[in-house]
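Enquirer: Kindly generate the corresponding structure for this input.
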Amino acid sequence: MTATEAPCDSPVAAPELERLPDADLAWLQPKHRAAPAEALQRIRTICEQGPAELFPIMLTVLATHQAVPREILAAAIKQFRRDCDSLSRDDLRSLLNAIWTGGQQGFDAVLRTRKSAERKPGALSWVRNDD
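Expert: Prediction:
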C-alpha cells in the first residue's frame with residue numbers, strides 16, 4: 001500500500017460517498033420499535049417495489065423489521081402481495097421462520113409443503129358418519 005492509498009474501512013477511501021445521517025437509518029436497527037403506521041408503510045413499499053419473487057421480499061421485510069412479531073409481518077405481507085392469496089397467514093409466518101432459520105433452502109422447503117398440502121380438515125378414520 002502506498003502513502004496515497006487508504007485502507008478500505010477508512011472514511012478517506014471513498015470520499016465520493018456521502019454518509020446518511022444516523023437518524024435516517026435508526027429504523028433499521030435490530031431493536032427499533034417502529035410505530036405501526038410507519039412499519040406498515042415501509043412494508044408496503046418493499047412489497048410493491050421489490051422484485052417479483054417472494055423470497056427476497058420476505059427476507060427484506062424480516063431483516064428490516066426484526067422487532068415486529070412475525071405474525072404481524074405475515075399479515076402485512078399478505079395484505080400487499082397478491083401472490084400470497086393462496087397462502088394463509090400461518091403459512092406466511094412459517095415461511096418467515098424458515099427464512100430466519102434456513103435461508104433460501106428452508107423457505108423453498110416450507111413453500112413446497114404449503115402449496116402441495118390439501119386444505120381439507122383431517123379425516124378421522126375412527127369416527128363414523130351417520131349421514
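
Enquirer: which intervals of this structure have sub-threshold pLDDT?
Expert: Within the chain, the set of residues satisfying pLDDT under 70 comprises 1-24, 30, 50, 116-131.

Enquirer: what about dumping the CA coordinates of stretch 108-118 to CSV?
Expert: What follows is stretch 108-118, C-alpha atoms only, in CSV (Å, rounded to 0.1, in the frame of the first residue of the first chain):
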residue,chain,number,x,y,z
ASP,A,108,-38.3,-23.4,-0.6
ALA,A,109,-38.9,-26.5,1.6
VAL,A,110,-41.7,-24.9,3.5
LEU,A,111,-43.2,-23.3,0.4
ARG,A,112,-43.3,-26.7,-1.3
THR,A,113,-45.1,-28.3,1.6
ARG,A,114,-47.6,-25.5,1.9
LYS,A,115,-48.5,-25.4,-1.8
SER,A,116,-48.8,-29.1,-2.2
ALA,A,117,-50.8,-29.8,1.0
GLU,A,118,-54.5,-30.2,0.7
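
Enquirer: List the buried residues in it.
Expert: Residues 110-111, 114 are the ones in stretch 108-118 that count as buried (16 or more other Cβ atoms under 10 Å). The C-beta positions use only the backbone N, C-alpha and C, and glycine is treated the same way.

Enquirer: Stretch 88-100 now?
Expert: Buried, per 16+ other Cβ under 10 Å, within stretch 88-100: 89, 91-100.

Enquirer: ok so, going back, out of the buried residues of stretch 108-118, list just those in helices.
Expert: Secondary structure assignment (DSSP state H) places 110-111, 114 from the buried residues of stretch 108-118 within helices.
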